[in-house]
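Novice: mind folding the following:
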Amino acid sequence: MALTASKEEILEILAEVKDPELPVIDVVELGIVRDVAFAGDELWVTVTPTYSGCPALQVIEREIVSTLEAHGFANVRVQTAFSPPWTTDWLSEATKRKLREYGIAPPGMVEVSSGSITDLVNLRRARPAVECPFCGSANTVEKSEFGSTACKAIHFCNACRQPFDHFKSF
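Specialist: Next up is the predicted model:
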């Protein structure tokens with residue numbers, strides 16, 4: 001089966017690999033698996049980390065290799081591609097719903113920079129409110145820009161009094 005598997009079949013297998021920091025989401029729906037392709041008898045999996053210093057990347061790469069080997073693929077190689085950079089815009093609404101159900105506020109859309117002077121000076125009054133994943137209230141405050149992982153910030157809901165992580169947009 002290994003050399004005759006389609007890209008869709010391989011991606012279905014890779015959906016078994018969960019993100020170690022977000023175990024409710026697999027690496028395919030997270031969007032870090034960019035491509036799978038055969039080169040001779042080798043299966044190459046291209047991944048893009050959520051950010052260049054992601055500490056979970058080595059764990060994810062090992063899990064990708066071991067999962068594919070368990071399904072009969074003998075020569076698995078993982079390569080990292082940094083361009084284009086990963087963005088939270090690649091998350092589907094279904095994936096964002098999973099984050100919310102898990103208790104993490106999903107990211108909003110990434111604002112595109114135009115390169116103008118207004119990009120250097122924030123002219124907005126305030127950041128948009130982050131909805132609480134528990135009660136849906138927008139009456140929340142950021143308590144720390146630094147959460148349990150570098151891709152999350154800690155927020156607090158004034159309505160239901162729950163602290164929660166917010167997956168940052170980038």
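Novice: which residues in this structure form strands?
Specialist: 18-19, 22-26, 33-39, 42-47, 76-80, 104-105, 140-144, 152-157, 163-167 (DSSP state E).
Novice: quick one: closest of those to residue 61.
Specialist: Among the strands of the chain, strand 76-80 comes nearest to residue 61, with 4.6 Å by C-beta to C-beta. Where you see a C-beta, it was placed from the backbone N, CA and C, and this is true even at glycine.
Novice: what sits up against the closest one?
Specialist: Residues from elsewhere that reach strand 76-80 (C-beta atoms under 8 Å, 6 or more residues apart in numbering): 42-49, 57, 61, 64-65, 68-69.
Novice: could the strands of the chain go into TSV alongside mean neighbour count?
Specialist: Formatted as TSV, these follow (neighbours: other C-beta atoms under 10 Å):
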stretch	mean neighbour count
strand 18-19	17
strand 22-26	17
strand 33-39	15
strand 42-47	18
strand 76-80	15
strand 104-105	22
strand 140-144	14
strand 152-157	20
strand 163-167	21
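Novice: alpha carbons of stretch 128-138, as CSV, please.
Specialist: Output of stretch 128-138 as CSV, limited to C-alpha atoms (Å, rounded to 0.1, in the frame of the first residue of the first chain):
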residue,chain,number,x,y,z
PRO,A,128,-11.2,44.0,19.2
ALA,A,129,-12.7,42.1,22.1
VAL,A,130,-11.9,38.4,22.4
GLU,A,131,-15.0,36.3,23.0
CYS,A,132,-15.0,33.9,26.0
PRO,A,133,-15.0,30.3,24.8
PHE,A,134,-17.1,29.3,27.8
CYS,A,135,-20.0,31.8,27.8
GLY,A,136,-19.6,33.8,24.6
SER,A,137,-19.3,37.2,26.3
ALA,A,138,-17.1,39.9,24.8
